[in-house]
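1. Generate coordinates for the sequence data below:
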Amino acid sequence: MDNTVLKKRLSSFKTDGGRYSKISDDLLVDLLRAWESWTGSSKEFYQGLGLSKQQLGNVIKKGKKLSKSGNYGSGEFKEIKFDSLVGAGGAMVGPIEVSWESGKVIRFSQVEQLVDFLKKVA
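-> Residues are numbered from 1 along each chain as shown. Predicted coordinates:
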């Protein structure tokens, strides 16, 4: 993730006194991942985010703690429903795509068509 985006997200947790308070778990983990993939100097990283050296240390510490425990994010499973793709009997309905030779893509609207095609090709 780009540091400017992280800086903007981080600024929403900045108090009037310049302190950071109640940083979300998702942001802490994103900052940790950005820090782990950073190839420049640490000074460039924390200055680019508008943090001090000590603030970065605290953020990284909290991010590591969350990452190790696995208790970050919403924590609840969210089911995603595709009403337009679910047919009778709960079976998924939609195009089936097969990547074929020379980068060609063949689409089938039904499983039976795919099975017939594969029998003919074999």
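2. Show me what counts as buried in the top helix by length along the chain.
-> Among the segments of the chain that qualify as a helix by DSSP state H, the longest is helix 53-69. Using 16 or more other C-beta atoms under 10 Å as the burial criterion, the residues of helix 53-69 that qualify are Gln55, Leu56, Val59, Ile60, Lys62, Gly63, Leu66, Ser67. Yep, even glycine has a C-beta here, placed from its N, CA and C like the rest.
3. likewise stretch 98-111?
-> Buried positions in stretch 98-111, judged by neighbour count with 16+ other C-beta under 10 Å: Phe108.
4. okay, the buried residues of helix 53-69 in TSV with pLDDT next?
-> Converted to TSV, these look like this (pLDDT from 0 to 100):
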residue	pLDDT
Gln55	90
Leu56	90
Val59	91
Ile60	92
Lys62	90
Gly63	89
Leu66	87
Ser67	84
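5. how about JSON lines for the residues you listed, with distance to Gln110 added?
-> Converted to JSON lines, the buried residues of helix 53-69 look like this (distance: C-beta to C-beta, whole Å):
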{"residue": "Gln55", "distance to Gln110": "58"}
{"residue": "Leu56", "distance to Gln110": "55"}
{"residue": "Val59", "distance to Gln110": "52"}
{"residue": "Ile60", "distance to Gln110": "52"}
{"residue": "Lys62", "distance to Gln110": "51"}
{"residue": "Gly63", "distance to Gln110": "48"}
{"residue": "Leu66", "distance to Gln110": "46"}
{"residue": "Ser67", "distance to Gln110": "44"}
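6. Could you pull up the contacting residues of Thr15?
-> For Thr15, the contacting residues are Ser21, taking C-beta atoms under 8 Å, 6 or more residues apart in numbering as the criterion.
7. domain parsing for this protein?
-> Here the domain assignment for the chain is 3-69, 83-121, based on automatic domain parsing.
8. Check the gap between Gly40 and Gln47 for me.
-> 10 Å (C-beta to C-beta, to the nearest Å).
9. quick one: what helix or strand has the residue most central in space within the chain in it?
-> Among the residues of the chain, Asp30 comes closest to the average C-alpha position under C-alpha atoms, centre = their mean, at 9.3 Å. For Asp30, the enclosing helix or strand under DSSP states H and E is helix 25-37.
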